[in-house]
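Chemist: Coordinates for the following, if possible.
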Amino acid sequence: IAQGSAAVEAAKAAGVEHYIWSTLPNVDEISHHEFNVAHFTNKASVNNVVEDADFRRFTFVEPPFYYQNLISPMYEAHPGPTGASTWSGLMKPDVRGMHMGDIAELGNIVAGAFEQPDSVGNGQYLSLAGDLMSWDDIVATLNSQGHNRAYTQTTDDPFGMRDMFAYFEAHTYFGPDAEEKIARANTVSVRPPTSFATWAEANMPVSYASQLPVLAPGTTRCVSSAHRVYPPHLRSGRRSLLGASEGTMTLVFTRTSVRNLRRAHSVAAETGRLR
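Modeler: Numbers count the residues shown, from 1 in each chain. Okay, here's the model as predicted:
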C-alpha cells in the first residue's frame, strides 16, 4: 500500500490528469476472508487511494494469469508415468477458473483507455483475458497441436499458492464481475486479445522429440543436439544420431539446456544404452 500511495503522490505532483492503476481483485472482499491471496488483495487496497486522489480521470486495469507462466520455471512440467510432459498443480483439472492472456497485450487496453477517457476514465475496471481455461483445456489445446502434455492434481504446495488456486476454483481469477470487466476492456482495446491456442502455436512450438512415442525401459537411446532437429529421413552424415540398431528409438533434444542434457544422459545411463 505504501508503494502504491507513493506512486499516486508522485503522479499528482507531476500533474498527471489521467491515472491508470494496474490492480487485481480484492480476494478478501470477494471470498469474505475465506482465502488469503495477498498479492491480489494488496494491490486492490490501493484502489481507494487512487479514487481519493482527485485525478481528473482514473482507470483500473487488471492483468490476467499469464500465458507466459506455462513456460516459466515455476510451472515447469516433468516427465509423467506415461511419458507425457506433465504439470502438477493444486487445482481440479476440469474447473474453468483461470482467466488467461498474453501479458504483453495489457498495453493495448491501457492505450485504449487513454484514447477513450470519457468512456472509461471515471473509475472503470478493464480486465485482459484471451480465454477462460481449466487445466484440462490447456492440455487439450496443446495436445491438439501435437504436444504430449498432461496434468495431475497434487496436494504439494511448495510456493504457498493453495489459497490462490482455491479462490480461482470458487470465484474465477477476475471474480464475480469478470464478464463485465472483460467486455468493457475489449470494447476500448486497440487490438483484440489473443486466444491461448493462437499464442501457444507461436510460443510453445512442438519439437520433433516431443512427438516420439515413449518406449519401454531398455529400448531408449538418448542423444543430444544443441542446435538442430534431425528427423529419421535426414540420415545422410548423421550416423551418431541415426545409427541405432533395430528396436531402438532416437530422441533428439532440440534446446541448448543443461537440464535437458542431464536428463537425457541420466535416462540413457539408467537403461544401459548410453553411447
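
Chemist: could you pull out the helices for the stretch 101-250 of the chain?
Modeler: For the stretch 101-250 of the chain, the helices defined by DSSP state H, counting those that start in this stretch cover 106-115, 117-120, 135-144, 162-171, 178-188, 196-203, 239-242.

Chemist: Skipping adjacent residues, who's closest to P64 in space?
Modeler: G101 (3.8 Å; C-beta to C-beta, 6 or more residues apart in numbering). For the C-beta atoms, the positions are set from N, CA and C on the backbone; glycine is no exception.

Chemist: Apologies, that question was intended for N42.
Modeler: Leaving aside its chain neighbours, N42 sits nearest to I1 (6.7 Å; criterion: C-beta to C-beta, 6+ apart).

Chemist: any idea of the pLDDT on the one you found?
Modeler: If you check I1, the pLDDT there is 87.

Chemist: Touching, it and K43? I think so.
Modeler: No. Taking contacts as C-beta atoms under 8 Å, I1 lies outside contact range of K43: 9.2 Å.

Chemist: As JSON lines, the helices of the stretch 101-250 of the chain with distance to H33 and mean pLDDT would be great.
Modeler: Formatted as JSON lines, those follow (distance: least, C-beta to C-beta, whole Å; pLDDT from 0 to 100):
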{"stretch": "helix 106-115", "distance to H33": "29", "mean pLDDT": "98"}
{"stretch": "helix 117-120", "distance to H33": "30", "mean pLDDT": "97"}
{"stretch": "helix 135-144", "distance to H33": "27", "mean pLDDT": "98"}
{"stretch": "helix 162-171", "distance to H33": "11", "mean pLDDT": "98"}
{"stretch": "helix 178-188", "distance to H33": "20", "mean pLDDT": "98"}
{"stretch": "helix 196-203", "distance to H33": "32", "mean pLDDT": "98"}
{"stretch": "helix 239-242", "distance to H33": "58", "mean pLDDT": "33"}
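
Chemist: Out of the ones you listed, which is closest to V95?
Modeler: helix 162-171 (4.9 Å; C-beta to C-beta).

Chemist: What is the closest one packed up against?
Modeler: Of the remaining helices and strands, those touching helix 162-171 by 3 or more C-beta pairs under 8 Å, 6 or more residues apart in numbering; DSSP states H and E are helix 27-31.

Chemist: What separation is there between the residue nearest to P64 and N186?
Modeler: If you measure G101 against N186 using C-beta to C-beta, to the nearest Å, the figure is 11 Å.

Chemist: now do G97
Modeler: Look at G97 and N186: by C-beta to C-beta, they are 20 Å apart.

Chemist: Those two: who's more crowded?
Modeler: The residue with more neighbours, out of G97 and N186, is G97; 21 against 18, by other C-beta atoms under 10 Å.
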